[in-house]
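Novice: model this:
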Amino acid sequence: MRTLIPIMFLLAGCSAIPPSELPVEPPELVSSTSLPPITSIVPGDGMKFTVMIHVMSDGTVGDVKVLRSGAEPEWDSLALDSIMKWRFIAGRRDGTPVDIWIRQPLVIQIRNPILRTLAQIVCANEREADSLYALLALGADFDSIFRQSPPSPGTRDGYIGSVDISVYPTSLRNELLRLREGEVSRPVRHGSRFVIYRRLRSEPA
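Specialist: Numbers count the residues shown, from 1 in each chain. Down below sits the predicted model:
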């Protein structure tokens with residue numbers, strides 16, 4: 001089954017509201033969800049869809065409004081429900097997380113799912129992640145390092161499972177696409193933490 005996903009997350013091109021206040025470092029998308037199925041034909045160069053997203057200071061989405069309709073009103077409504085589940089690194093003003101509205105243009109295309117079976121080690125900061133990655137690069141055992149690390153919420157022994165990485169932000173998706181079976185990724189920022197992913201050959205027993 002093919003998946004309808006946004007393929008452009010150009011947050012650097014978003015406009016923060018209001019412009020008259022101190023400059024705001026724009027939010028950064030770290031987790032998205034697939035958009036709902038669509039019955040109309042999607043053009044080859046993608047369907048244009050523009051929304052205003054209210055990103056809260058904790059990175060959750062407080063509200064979404066349509067500026068440019070994607071297909072039909074029913075689809076727009078379902079798409080907004082999906083976007084409400086997205087998660088961001090909050091925008092910051094003078095180092096402090098803030099609530100902010102952003103204007104987000106999206107280009108929607110239909111793609112086949114890209115499935116990867118993954119495990120992860122979650123680190124509290126970049127220094128810790130870099131140290132663990134250095135050990136892994138020298139041949140340390142991933143499972144042994146995981147057992148010495150804090151628990152990863154929502155996983156079993158660090159095992160995430162088979163996931164569709166086509167819905168991940170572009171930078172993370174590209175990093176995971178480069179991984180061959182058994183390889184580990186460089187530390188990837190995910191919210192306030194850093195994650196090292198490992199591509200598995202098969203589901204652990």
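Novice: Tell me which other helices or strands the helix or strand where P105 lies touches.
Specialist: Using DSSP states H and E, P105 falls within strand 100-111. Applying 3 or more CB pairs under 8 Å, 6 or more residues apart in numbering; DSSP states H and E, one finds that strand 100-111 contacts strand 3-6, strand 16-17, strand 47-55. Backbone N, C-alpha and C define where each C-beta goes, glycine included.
Novice: ok, now with 10 Å
Specialist: If you count contacts as 3 or more CB pairs under 10 Å, 6 or more residues apart in numbering; DSSP states H and E, strand 100-111 packs onto strand 3-6, strand 16-17, strand 47-55, strand 61-68, helix 73-83.
Novice: My guess is E72 contacts I38. True?
Specialist: Yes: between E72 and I38 there is a contact at 8.4 Å, judged by CB atoms under 10 Å.
Novice: Comparing those two, which shows the higher neighbour count?
Specialist: I38 (18 against 11; other CB atoms under 10 Å).
Novice: tell me which element that one is part of?
Specialist: Using DSSP H and E, I38 falls within no helix or strand.
Novice: I figured it hits W75, correct?
Specialist: Yes: using CB under 10 Å, I38 makes contact with W75 at a distance of 5.5 Å.
Novice: Q120 reaches L172, doesn't it?
Specialist: No: using CB under 10 Å, Q120 is not in contact with L172; the gap is 11.5 Å.
Novice: Quick check: can you list the domain ranges of the chain?
Specialist: Domain segmentation of the chain under automatic domain parsing yields 3-111, 115-199.
Novice: Least confident of those domains, on average?
Specialist: Of all the domains of the chain, the minimum mean pLDDT falls on domain 3-111 (a mean of 77).
Novice: With only the CA atoms kept, save stretch 144-151 in CSV.
Specialist: The C-alpha coordinates for stretch 144-151 follow below in CSV (Å, rounded to 0.1, in the frame of the first residue of the first chain):
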residue,chain,number,x,y,z
SER,A,144,25.8,-4.3,25.6
ILE,A,145,25.9,-0.5,25.4
PHE,A,146,22.1,-0.3,25.3
ARG,A,147,21.9,-2.3,28.5
GLN,A,148,24.1,0.2,30.2
SER,A,149,22.0,3.2,29.0
PRO,A,150,18.8,4.6,30.4
PRO,A,151,15.6,2.8,29.2
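Novice: so which strand or helix has L176?
Specialist: With DSSP H and E as the criterion, the answer for L176 is helix 170-177.
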